[in-house]
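1. Structure of the sequence below:
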Amino acid sequence: SQVCIIFSDFGKMQNVCNLLIEKLGTSVTISPPHFYHTPEAIDTLRRQVCVTAVGNTRRKAQEVCQLFGQALGKPLLIKEEETKEWGGHVDSHLSHSADSLTLQERIQNATAYASCRVFAVFEIKGKENRRTKLL
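-> Now for the predicted structure:
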């Protein structure tokens with residue numbers, strides 16, 4: 001019989017494979033893994049990259065404001081200008097053409113990358129002296 005298991009954690013996959021080999025010995029054959037990204041995982045990556053880009057933009061704007069003695073206010077406009085994606089295979093677990101690749105090559109080929117460029121406009125406030133009076 002043949003059993004196909006889909007893992008979302010590489011470490012758990014290795015542990016289960018090792019356990020099966022340890023307990024069942026030569027009676028079990030473990031095929032090389034096929035790595036892929038689900039559409040949901042790619043969508044999550046896109047959102048995380050955009051949120052990170054907005055956070056980076058806010059931190060940079062905060063540093064610029066500090067240089068000029070200003071305070072950064074609330075965002076007035078945030079716009080995603082460009083998103084790039086490369087690498088990674090989406091739902092390619094049915095493809096058997098990569099069987100000759102090493103494990104490292106399979107992981108590298110299945111690794112997905114994304115970048116996002118955002119445009120943001122923030123409110124800028126003058127710093128106010130906030131002295132508390134002691135009575």
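
2. ok, and the helix or strand in the chain with the lowest average confidence?
-> The helix or strand of the chain with the poorest confidence is helix 103-110; it has a mean of 84 (mean pLDDT, DSSP states H and E).

3. and residue 126, what are its bridge partners?
-> Beta-bridge pairing for residue 126 (DSSP bridges): residue 70.

4. Now the lengthiest helix in the chain: buried residues?
-> The longest helix of the chain (DSSP state H) is helix 39-67. Judged by neighbour count using 16 or more other CB atoms under 10 Å, the buried positions of helix 39-67 are 45, 46, 49, 50, 53, 54, 57, 58, 61, 65. No exception for glycine: its C-beta is placed from N, CA and C like everyone else's.

5. For residue 114, the count of nearby residues, please.
-> By the criterion of other CB atoms under 10 Å, residue 114 has 19 neighbours.

6. before we move on, back to that, from the buried residues of helix 39-67, pick the one nearest residue 80.
-> residue 50 (5.7 Å; CB to CB).

7. contacting residues for the residue lying closest to that closest one once chain neighbours are set aside?
-> Closest residue in space to residue 50, ignoring its immediate chain neighbours: residue 116 at 4.7 Å, by CB to CB, 6 or more residues apart in numbering. Applying CB atoms under 8 Å, 6 or more residues apart in numbering, we find residue 116 in contact with 46, 49, 50, 52, 53, 80, 82, 83, 84.

8. can you tell me the helix or strand for the closest residue to the fourth one other than its chain neighbours?
-> Read it as residue 52. Leaving aside its chain neighbours, residue 52 sits nearest to residue 116 (7.7 Å; criterion: CB to CB, 6+ apart). Secondary structure from DSSP states H and E places residue 116 in strand 112-126.

9. Can you mark which positions in that strand are buried?
-> Applying 16+ other CB under 10 Å to strand 112-126 flags 112, 114, 116, 118, 120, 122 as buried.
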